[in-house]
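1. Next input, structure requested:
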Amino acid sequence: MDGRPAHNPSPSQKLPALQRSLLGRPPRTNSLSRLQSDSSVLHITNEKFASLRQERSLTVVKGHGTSRPLKTYAQLQAELESANSIIVELRRNGENWRTLYSQQAVDLSTVQRRLGMARGTISAHLKSNKDLEQRKDVAETRCKELDTKRRDAITAKEKLAGKVGDVERSIARLKKSAYANGKVHQRNLHLKSLIGRKTNKESLLLEALAAAVERIEELENAGDSFLTALEDERDRSSEGSDTSCDSEAANSEGRFMEDPDEFPSSLLQEVRFRGTFDDEEWKEKKDMWHDLLGE
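-> Numbers count the residues shown, from 1 in each chain. Alright, predicted model coming up:
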């Protein structure tokens, strides 16, 4: 505006600023996105360096219609060496970034594989959770049924407890009644025993009466036979007495046992009558009946 030439920074002035901006920046190694960002910055830096070289060879200072070279060869050589050192540093950083990229790519594949395994595990857990939900529903239904049965059992238990209480009260009343009627019960038992004894006694008395009737018939038959024999003997013998007959019967008892036919019929009937009268079995029965009558 005032007639002075515009001031444009030379390539030598741009390179130190670019070097400070690139060398002072630490390598980004935090994540894959930062690595990709640094690669794009490196590409842009290479493009800027190429444009600077082109400007260094062509740039001239315009003013008042004249042009002059910017710097000497030594200065340009120094700037070129500085630019080469920057390029070496950038290449080294690029190698580091490529190594980091490959490592993070491996880590990413590992993470993706683990993520796939985790997804499979999650799907298995979801399926298991679904099965558990179904089993939970079945268990809840079963629990409700069991709770209903438990309530029914409690109701039945209460009813049975009421019945047991009624039975226990009835038993207590019966015990009191039995205790109050104990004497009557004992008296009834005593009467039953007496009735049984009387019944047995009556049966024994009837048996004794039948045996006595039979005994009387035997004695009557033996007595009739003996009397008939005596009458026949009197008719055959006009002499003799009852005393001689008794002594003869006593002396001849032993011989009668050996040969009964040698003795007269009267003596034989007398012996039979005495045998019937002196029966030992009848004596035992008579003693038993005597004891029974004594009771």
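
2. I'd like the mean pLDDT over the lengthiest helix in the chain, please.
-> Ranked by number of residues, the top helix in the chain under DSSP state H is helix 73-180. Averaged across helix 73-180, pLDDT comes to 88.

3. could you say what helices and strands that helix packs with?
-> The contact analysis (3 or more CB pairs under 8 Å, 6 or more residues apart in numbering; DSSP states H and E) places helix 73-180 against helix 11-23, helix 32-58. Quick note: C-beta positions are derived from backbone N, CA and C, even for glycine.

4. can you tell me which of the ones you listed the model trusts least?
-> helix 11-23 (a mean of 45).

5. if I look at L76, how far off is A83?
-> 10 Å (CB to CB, to the nearest Å).

6. What count of nearby residues applies to K149?
-> 10 (other CB atoms under 10 Å).

7. try N96
-> 14.

8. likewise A222?
-> A222: 18 neighbours (other CB under 10 Å).

9. for E79, same thing?
-> So E79, with other CB under 10 Å, has 21 neighbours.

10. and what of T110?
-> Using other CB under 10 Å, T110 has 10 other residues around it.

11. And for the one 5 residues further on?
-> Under the neighbour criterion other CB under 10 Å, L115 is assigned a count of 11.

12. Next up, the contacts around E231.
-> Applying CB atoms under 8 Å, 6 or more residues apart in numbering, we find E231 in contact with no residue.

13. Can you verify it is assigned to a helix?
-> Yes: applying DSSP: H, G, I helix; E, B strand; the rest coil, one finds E231 inside a helix.

14. Tell me the pLDDT of it.
-> 75.

15. Same question for F273.
-> 68.

16. the domain parsing of the chain - what is it?
-> Using automatic domain parsing, the domain ranges for the chain come out as 11-60+69-133, 198-294.

17. I'd like to know how far E220 sits from K136.
-> 110 Å.

18. same thing with L100?
-> Taking CB to CB, one finds L100 at 50 Å from K136.

19. more crowded one of the two?
-> Neighbour comparison, L100 and K136: the larger count goes to L100, with 19 against 11 (by other CB under 10 Å).

20. From T148, how far off is the more buried one?
-> Taken as CB to CB, the span from L100 to T148 is 69 Å.

21. likewise I87?
-> 88 Å.

22. Same check on G94?
-> Where T148 is concerned, G94 sits at a distance of 78 Å (CB to CB).

23. Looking at these two now, which is surrounded by more residues?
-> Neighbour totals were compared for G94 and T148, and G94 leads with 16 against 10 (other CB under 10 Å).
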